[in-house]
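what's the 3D shape of this:
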Amino acid sequence: MMTGWLLGRYPGEWRAAVMGAAALDLFDMWSLSDLSAQTRHALTGSPFRNEAHFRQQSPLVHAARVRTPTLILSNVADARVAVSQSYKFFR
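Presented below is the predicted three-dimensional model:
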């Protein structure tokens, strides 16, 4: 999550980056992971009750600013971080 956040917030500062199981979209974390029913980490409730907070805290919001070559590592069998987040960052 921090790699995605730093790449988007400070574009041009890094020569290369690697993200493994990148939790970039808190909407996907809430709806597609096994954390949805838990109230720990960054997931503090439903994104439908506090959409602005979820959007503000998602590194994916700043992905358009990324200029750094990035290796994205994902696993389609990961129950915690859905591979869709990596696809979104890539696109």
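
low pLDDT regions in the chain?
Scanning the chain for pLDDT under 70 picks out the ranges 35-44.

State whether residue 76 and residue 83 are indeed in contact, as I suppose.
Yes - assessed by Cβ atoms under 8 Å, residue 76 is found in contact with residue 83 at 5.0 Å. C-betas here are computed from N, CA, C, even on glycine.

Settle it for me: which of those two has more neighbours?
residue 83 (17 against 8; other Cβ atoms under 10 Å).

in the protein, which spans are strands?
For the chain, applying DSSP state E gives strands covering 17-20, 70-73.

any chance of the ones you listed in a markdown table, plus mean neighbour count and distance to residue 11?
Shown next, in a markdown table, are the strands of the chain (neighbours: other Cβ atoms under 10 Å; distance: least, Cβ to Cβ, whole Å):
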| stretch | mean neighbour count | distance to residue 11 |
| --- | --- | --- |
| strand 17-20 | 14 | 11 |
| strand 70-73 | 14 | 12 |
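
Just send those back as a markdown table, with distance to residue 47 too.
Formatted as a markdown table, the strands of the chain follow (distance: least, Cβ to Cβ, whole Å):
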| stretch | distance to residue 47 |
| --- | --- |
| strand 17-20 | 22 |
| strand 70-73 | 23 |
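
Now do the helices in the chain.
Remark: helices assigned in the chain by DSSP state H are 2-9, 26-32, 51-57, 84-90.

Just the buried residues of stretch 75-91, please?
The neighbour-count check on stretch 75-91 (16 or more other Cβ atoms under 10 Å) flags 81-83, 85-86, 88-89 as buried.
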